[in-house]
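Trainee: Model the structure of this input:
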Amino acid sequence: MIQSHLELNCRINGVAVVHTIDARTTLLDLLRDHLNLTGTKKGCNHGQCGACTVHVNGRRTLSCLTLAGLCQGAEITTIEGLAASEDELHPVQAAFIKHDGFQCGYCTSGQIMSAVTMIDEPWDRDDDAVREAMSGNICRCGAYPNIVSAVQDARHSMGDDHA
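Mentor: Residues are numbered from 1 along each chain as shown. Down below sits the predicted model:
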């Protein structure tokens, strides 16, 4: 008989998690439906919109395409775990607010999670490079100019090695 359940051991937002899941459970469904971390959004559920972006071991990952079982031992960060504290937003979160980098807000958590890792990836520093690096995240409202401004501002606020 094929094993249909497995015990997942990982860290989510700095907290150790041990959870029994169906082997077919996606990371997105684990986060939203099993752990009530609903900041990560289910957009297209096909890996095309980026609304479900989270960090797995420091890399941006589409959680709708990732089986949770493949995250055994992983360090996972969602939008809920990004801020330094409840009173101090991550610089990218603060920049999105400052530059009004969202309209309806549905894509915002994925946009922010992508931007955080993009800043540390080897991209050029001009606006075109930001647009290319963020192209996997779709905003139906069209807040792209404000998103680019927010990313560039966050780069500058985070120091010279990011700007």
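
Trainee: need the helices for the chain, in chain order.
Mentor: Along the chain, counting by DSSP state H, helices occupy 27-29, 91-98, 108-120, 127-133, 144-157.

Trainee: Now tabulate the ones you listed in TSV and tack on mean pLDDT and mean neighbour count.
Mentor: The C-beta positions use only the backbone N, C-alpha and C, and glycine is treated the same way. Shown next, in TSV, are the helices of the chain (pLDDT from 0 to 100; neighbours: other CB atoms under 10 Å):
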stretch	mean pLDDT	mean neighbour count
helix 27-29	98	24
helix 91-98	97	20
helix 108-120	97	23
helix 127-133	97	15
helix 144-157	97	20
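
Trainee: Any chance of those in a markdown table with distance to Cys64 as columns?
Mentor: Converted to a markdown table, the helices of the chain look like this (distance: least, CB to CB, whole Å):
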| stretch | distance to Cys64 |
| --- | --- |
| helix 27-29 | 5 |
| helix 91-98 | 22 |
| helix 108-120 | 10 |
| helix 127-133 | 20 |
| helix 144-157 | 21 |
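
Trainee: Quick check: which of these is nearest to Asn13?
Mentor: Across the helices of the chain, Asn13 has its closest neighbour in helix 108-120 (12.1 Å, CB to CB).

Trainee: What lies in contact with that closest one?
Mentor: 39-41, 43, 49-55, 58-60, 77-79, 82, 90, 92-93, 96, 101-102, 130, 133-134, 136-137, 139, 147, 150-151, 154-155, 158, 162 (CB atoms under 8 Å, 6 or more residues apart in numbering).

Trainee: can you list the domain ranges for the chain.
Mentor: 5-81, 91-157 (automatic domain parsing).

Trainee: For burial, what's the neighbour tally of His90?
Mentor: A count of nearby residues for His90, using other CB atoms under 10 Å, gives 19.

Trainee: Next, give phi and psi for it.
Mentor: In terms of degrees, to the nearest 10, the main-chain angles of His90 are phi -60, psi 150.

Trainee: Give me the nearest residue to it, chain neighbours excluded.
Mentor: Leaving aside its sequence neighbours, His90 sits nearest to Leu82 (CB to CB, 6 or more residues apart in numbering; 4.7 Å).
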